[in-house]
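Peer 1: next input, structure requested:
(one chain, ligands or ions: 1)
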Amino acid sequence: MKTLQDFNFNNQKAIIRVDFNVPLDENFNVTDTTRIEAAKPTIDKIIADGGSVVLMSHLGRPKGFDDQFSLRHIVVSVEKILGHKVTFVNDCIGSVVEEAVASLDKGSILLLENLRFYGEEEKGDIPFAEKLSKFGDIYVNDAFGTAHRAHASTTIIAQFYPHKKCFGLLLAKEIDSINKVLSDSVKPVTAILGGSKVSSKITVIENILDKVNHMIIGGGMTFTFVKALGGSIGNSICEDDKLELAINILKLAKEKGVQIHLPIDVIAADSFSNDANTQVVDVKSIPDGWQGLDAGPKSLIIFDRILNDSKTILWNGPLGVFEMDTFSKGTIALGESIATATKNGAFSLVGGGDSVAAVKQFGLEPKMSYVSTGGGAMLEMLEGRVLPGIAAILNE
Ligand code: AMP
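Peer 2: This is a model prediction of the structure:
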């Protein structure tokens, strides 16, 4: 796996695909700079080597040129975070870019306009990718958030750089973190899969059953399993067409020696609302008219014990409706159990679902070993797929 460390960028122009798809408020101020900060180490290393940098990214989902989606809005934030002047060019191909690239001095940074102003980007158009490839000597992909897309700038462009392409530090760290969980893991390994639906997580469950010792299944998914096992789930969320699948997963886990843990008790509510009446009930005996919206206290004690004994932890999806205060306790407690296990030496990876939002919301992010920057991309990796953006760098 070729990374940034395999190259010396002295007198080289690096063209970097970054993920600067950041949220903006109504005055076009960047409201979350995480993605820009995440790209800084890669940019710093190239500049420190004596190279120059051409940054390319998408922003939002524009249909053609549209100033609302211009990357010009983020230049001030990028300059502030990088501590470096950034020259913006108001196109991503054509003569204006050619001129800016030709006059790019050692140590300078150029930011191209939104790639998605051209439909060719998402189509993975080869001539468009070839045009982009003229703007750098070495191609660096550091955009994990779009690595699952075979777009011109994330995948197709790599074919124009035989032996002169590599992963940026962020993308390398994402790959390394997932490998620590799925291939070179220290046992016991525990995966926590939460979120709303079995249907959206089934491929992940199937893929990781071979790699884990314990699987905690929580969130809305719980009730499809509990109903399949003959429990009464009241009005809890359930996918009736997945009951057989749930039984098959449990059977498969047994064959593979994986211990599946479902919540044994839940916080049940009489409506889907923050100020609903609530009660703690056995997960198999939820009264009619009530729905399970969070894991209960007995379950949290069991989960804590399992996590305490784990050396590798993967967390994908919340344990309850954490967006509402009343039903956030389970997700917070689980996050704290993972934080303690991490402090005691376990490796913890959070990614591929709303658990990333949850750890950020509850200030737990610094207590995890790694929090992934790519939702969809991480989910596809957990499903066992080879991401096109990663394959494109690996294929010489
Ligand atoms: P995901 O995107 O698959 O990680 O799903 C996250 C969503 O699942 C969050 O918006 C949670 O509110 C929701 N969720 C978690 N537990 C439950 C539950 N018991 N009932 C309904 N929705 C839930």
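
Peer 1: my guess is residue 273 contacts residue 324, does it?
Peer 2: Yes - in this structure, residue 273 is within contact of residue 324 by C-beta atoms under 8 Å, at 7.5 Å. For the C-beta atoms, the positions are set from N, CA and C on the backbone; glycine is no exception.

Peer 1: compare those two (neighbour count), which wins?
Peer 2: More neighbours surround residue 324 than the other of residue 273 and residue 324, with 16 against 13 (other C-beta atoms under 10 Å).

Peer 1: how about the contacts made by the residue lying closest to the more buried one once chain neighbours are set aside?
Peer 2: Spatial nearest neighbour of residue 324, excluding adjacent residues (C-beta to C-beta, 6 or more residues apart in numbering): residue 274 at 4.2 Å. When contacts are counted by C-beta atoms under 8 Å, 6 or more residues apart in numbering, residue 274 touches 324, 325, 326, 327.

Peer 1: my read: the last one touches residue 321, true?
Peer 2: So the one you mean is residue 327. Yes - at 4.2 Å, residue 327 counts as touching residue 321 under the criterion of C-beta under 8 Å.

Peer 1: tell me where the model's unsure across the stretch 51-200 of the chain.
Peer 2: Residues of the stretch 51-200 of the chain that meet the criterion pLDDT under 70 are absent altogether.

Peer 1: in it, which residue sits closest to the ligand?
Peer 2: Residue nearest to the ligand within the stretch 51-200 of the chain (C-beta to the nearest ligand atom): residue 195, separated by 2.5 Å.

Peer 1: and that residue, how many neighbours does it have?
Peer 2: Counted with other C-beta under 10 Å, residue 195 comes out at 21.

Peer 1: need the three-state assignment for it.
Peer 2: Following DSSP: H, G, I helix; E, B strand; the rest coil, we place residue 195 in the coil state.

Peer 1: domain ranges for this protein?
Peer 2: 4-172, 185-382 (automatic domain parsing).

Peer 1: could I get these in TSV, plus columns for distance to residue 395?
Peer 2: Shown next, in TSV, are those (distance: least, C-beta to C-beta, whole Å):
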stretch	distance to residue 395
domain 4-172	8
domain 185-382	17
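
Peer 1: of all these, which lies closest to residue 388?
Peer 2: Nearest to residue 388 among the domains of the chain is domain 4-172; the distance by C-beta to C-beta comes to 4.1 Å.

Peer 1: dump the residue contacts of residue 227.
Peer 2: 233, 238, 240, 243.

Peer 1: show me where the stretch 201-350 of the chain has helices.
Peer 2: All helices of the stretch 201-350 of the chain, identified by DSSP state H, counting those that start in this stretch, fall at 222-228, 243-256, 297-308, 329-343.

Peer 1: what's the most buried one of the ones you listed?
Peer 2: helix 222-228 (a mean of 24; mean count of other C-beta atoms under 10 Å).

Peer 1: pull the CA atoms of it into PDB?
Peer 2: The C-alpha trace of helix 222-228 is given here as PDB (Å, rounded to 0.1, in the frame of the first residue of the first chain):
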ATOM      1  CA  THR A 222     -33.600  -5.400  18.200                       C
ATOM      2  CA  PHE A 223     -37.300  -5.900  17.800                       C
ATOM      3  CA  THR A 224     -37.200  -7.800  14.500                       C
ATOM      4  CA  PHE A 225     -35.000 -10.300  16.300                       C
ATOM      5  CA  VAL A 226     -37.200 -10.400  19.400                       C
ATOM      6  CA  LYS A 227     -40.400 -10.900  17.400                       C
ATOM      7  CA  ALA A 228     -38.700 -13.600  15.400                       C
END
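
Peer 1: pLDDT (mean, whole number) over it?
Peer 2: Across helix 222-228, pLDDT averages out at 98.

Peer 1: how distant is that helix from the center of its chain?
Peer 2: Offset of helix 222-228 from its chain centre (C-alpha atoms, centre = their mean, to the nearest Å): 27 Å.

Peer 1: right, is that helix up against the ligand?
Peer 2: No - Helix 222-228 stays clear of the ligand (C-beta under 6 Å from any ligand atom), getting no nearer than 6.7 Å.

Peer 1: check stretch 379-391 too.
Peer 2: No - using C-beta under 6 Å from any ligand atom, we find that stretch 379-391 stays clear of the ligand, coming within 9.0 Å at best.

Peer 1: how about that stretch: buried residues?
Peer 2: For stretch 379-391, a neighbour-count test (16 or more other C-beta atoms under 10 Å) marks 379, 380, 381, 382, 383, 387, 388, 389, 390 as buried.

Peer 1: swap in stretch 353-372?
Peer 2: By neighbour count on 16+ other C-beta under 10 Å, the buried set for stretch 353-372 is 353-356, 358-359, 361-362, 364-365, 367-372.

Peer 1: which parts of the stretch 151-300 of the chain sit against the ligand?
Peer 2: So far as C-beta under 6 Å from any ligand atom goes, the stretch 151-300 of the chain lies against the ligand at 195, 196, 200, 219, 220, 237, 292, 293.

Peer 1: just among those, which is most surrounded?
Peer 2: residue 219 (31 neighbours).

Peer 1: is that one in contact with residue 196, as I believe?
Peer 2: Yes - with contact defined as C-beta under 8 Å, residue 219 counts as touching residue 196 (6.3 Å).

Peer 1: mind listing the helices for the stretch 1-150 of the chain?
Peer 2: With helices called from DSSP H, counting those that start in this stretch, the stretch 1-150 of the chain shows them at 34-49, 75-82, 95-102, 119-123, 126-133.

Peer 1: got CSV for those, with mean neighbour count and distance to the ligand too?
Peer 2: Shown next, in CSV, are those (neighbours: other C-beta atoms under 10 Å; distance: least, C-beta to the nearest ligand atom, whole Å):
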stretch, mean neighbour count, distance to the ligand
helix 34-49, 19, 19
helix 75-82, 17, 28
helix 95-102, 14, 38
helix 119-123, 17, 23
helix 126-133, 18, 32
